[in-house]
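Chemist: Predicted model follows, preceded by the sequence.
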Amino acid sequence: MRPSTIADLSILLALWFMMFAASSQTIIMTPILPIVEAQFDVPREYLGALVSAYSIMLGLCALITGPLSDAMGRRRILMIGTGAMCVTLFMHSFVSDLASLLLIRSLSGVAAGILSGVAPAYIGDHFPPERRGWANGVVMTAVAVGQIVGIPGGTILADRFGFAAPFVCFAAPMVLSFVLVWRLARQPAVARAQITSIGSVVRRYASMFTTTSTAAAVGAYSVMFSGIAFYVIYLVVWIKETFGVTNDEVASLFVVAGIASVIVGPWAGRLSDRIGRKVLVVGGCLGLFVLMTLTTAIMTDFWIAYPLFFAIMVLVSARMGPFQALLSEIVPAQRRGSLMSLSIATGQLAMGLCSAAAGVVYTEVGYVFSSVIGGTGMLAMGFIIWRFIPETRHAVRR
């Protein structure tokens, strides 16, 4: 299915460029952690703190901006968030030591917190239910393209020109997103929330924890990001230590993973519009549990990483678009931003805490335990969604 209007196209492009830059500047931290360690003389056990600072600030800021997007409209939040992210990405060029690096990554987390949840919430506002899975899948291909182009290219730039180079480059697509939102995007004509005080925001969030489906959505995001923290942060460090590969070889893994995402993402989203969201989400979680838990047993040689990463990203892509569509449909439009931001905020806060713990686990007991914990997080996510979140697409609708 193709976007039928200029409005659809402009929105998808704006969200795509935003997602490309925002996700790339997050993911790039994993492959360049060894570069950061060498350039700034950071003790290995402290590397996880860089991810923690970003995730915690993202989570705290998201708690504020979610209800604001319900009240002010998604377009305004997109303008503020993309503008702030442009500035913080450029600011990476002024990093000189660990302290300034922590500060800039924290500010980047603030900008990302403003943007958190806004893409699926905007899609939920603008697109009808029978196109939401597809639209989410299209936008999520930006993450895949980041893995194919942005992450390998950024890793090479960091290796050649220093830590800041990829972040400055990622500012360009974020500028494009800002311009597209400013010139072409419009606020969807949906009901807005009445946010009158801090107390009303607190009550809004509290009600989500007392409703089974929304509380489960928050829990699913939390265990998902916790598992990601343990599995991803020290994955590249383990691969380089175990197999002695170069940064260019590591970058090539992200190309393979990105190709899988580009192929599967839109297809999975469109399929979920027809057969339902949960079957793809739960199935993806079960597959990820197996592959992540057995990573160290399967990867006995570096070449095995290529089919393994491809399979993992097939499952991630089959899950992510339908999952975002599912969450955007369990609440009305005036609560959509709050739920998405609350879910992402708690997930990022969990990831921030687990990132620090991941460093201790890796250095003390090894990556085999990190991968098992990561896989268990995916299994827990699948169970929560299967048991507590209702299906929103029961049959083909024409």
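Modeler: Yep, it's here.
Chemist: Tell me where the chain is predicted with low confidence.
Modeler: Within the chain, the stretches with pLDDT under 70 are 1-4, 45, 190-193, 195-197, 393-398.
Chemist: Scan it for its longest helix.
Modeler: helix 333-365 (DSSP state H).
Chemist: how much distance is there from it to the middle of the chain?
Modeler: Computed by Cα atoms, centre = their mean, to the nearest Å, the chain-centroid distance of helix 333-365 equals 11 Å.
Chemist: if I pick the residue nearest to the spatial centre of the chain, what's in contact with it?
Modeler: Residue closest to the average C-alpha location in the chain (Cα atoms, centre = their mean): residue 23, at 6.1 Å. Residues in contact with residue 23 (Cβ atoms under 8 Å, 6 or more residues apart in numbering) are 142-143, 146. Using the backbone N, CA and C atoms, a C-beta is placed for each residue, glycine as well.
Chemist: And residue 177, by the same measure?
Modeler: With Cβ under 8 Å, 6+ apart, residue 177 has these contacts: 14-15, 17-18, 21, 78, 82.
Chemist: That one: which element?
Modeler: Assigned by DSSP states H and E, residue 177 belongs to helix 165-183.
Chemist: buried set for that helix?
Modeler: If you call a residue buried by 16 or more other Cβ atoms under 10 Å, then helix 165-183 has these buried ones: 165-167, 169-171, 173-178, 180-181.
Chemist: in the stretch 251-398 of the chain, which spans are helices?
Modeler: 278-293, 295-298, 305-328, 333-365, 367-388 (DSSP state H, counting those that start in this stretch).
Chemist: looking at those helices, which is buried most?
Modeler: Among the helices of the stretch 251-398 of the chain, the stretch with the highest mean neighbour count (mean count of other Cβ atoms under 10 Å) is helix 305-328, at a mean of 24.
Chemist: From the contact counts, what lies against that one?
Modeler: Secondary-structure packing of helix 305-328 (3 or more Cβ pairs under 8 Å, 6 or more residues apart in numbering; DSSP states H and E): helix 118-126, helix 129-145, helix 247-275, helix 278-293, helix 333-365.
Chemist: switch the cut-off to 6 Å
Modeler: Helices and strands touching helix 305-328, by 3 or more Cβ pairs under 6 Å, 6 or more residues apart in numbering; DSSP states H and E, are helix 118-126, helix 129-145, helix 247-275, helix 278-293.
Chemist: Of all those, which one comes closest to residue 314?
Modeler: Among those, the nearest to residue 314 by Cβ to Cβ is helix 247-275 (4.7 Å).
Chemist: now the closest one against helix 305-328, angle please.
Modeler: 40 degrees (axes from the mean of the first three to the mean of the last three Cα atoms, to 10 degrees).
Chemist: To residue 229, which of the helices and strands packed on helix 305-328 lies closest?
Modeler: When the helices and strands packed on helix 305-328 are ranked by distance to residue 229, counting by Cβ to Cβ, first place goes to helix 278-293 at 12.3 Å.
Chemist: re the thing from before, tell me which of the helices and strands packed on helix 305-328 lies nearest to residue 160.
Modeler: helix 247-275 (9.6 Å).
Chemist: buried stuff in that closest one?
Modeler: 247, 250-266, 268-273, 275.
Chemist: if I look at the closest residue to residue 18 other than its chain neighbours, how far off is residue 330?
Modeler: Distance criterion Cβ to Cβ, 6 or more residues apart in numbering; nearest residue to residue 18, sequence neighbours excluded, is residue 177 at 4.0 Å. Separation of residue 177 from residue 330 (Cβ to Cβ, to the nearest Å): 27 Å.
Chemist: Same question for residue 181.
Modeler: 26 Å.
Chemist: Likewise for residue 55?
Modeler: 24 Å.
Chemist: More neighbours: which of those two?
Modeler: Legend: neighbour count by other Cβ atoms under 10 Å for residue 55 and residue 330, higher for residue 55 (29 against 18).
Chemist: Which strands or helices does the strand or helix carrying that one pack on?
Modeler: Taking DSSP H and E as the definition, one finds residue 55 inside helix 47-72. On a contact count with 3+ Cβ pairs under 6 Å, 6+ apart, helix 47-72 meets helix 98-115, helix 333-365.
Chemist: go with 10 Å
Modeler: For helix 47-72, the helices and strands in contact under the criterion 3 or more Cβ pairs under 10 Å, 6 or more residues apart in numbering; DSSP states H and E are helix 6-27, helix 29-40, helix 74-91, helix 98-115, helix 118-126, helix 198-209, helix 212-232, helix 333-365.
Chemist: and the angle for the second one with helix 47-72?
Modeler: Note on geometry: by the same axes, to 10 degrees, helix 29-40 and helix 47-72 are set 130 degrees apart in direction.
Chemist: try the fourth one
Modeler: Comparing the axes of helix 98-115 and helix 47-72 via the same axes, to 10 degrees yields an angle of 30 degrees.
Chemist: Who are the packing partners of helix 98-115?
Modeler: In terms of contacts (3+ Cβ pairs under 10 Å, 6+ apart), helix 98-115 is packed against helix 6-27, helix 29-40, helix 47-72, helix 74-91, helix 165-183, helix 333-365.
Chemist: With that, I have no additional questions.
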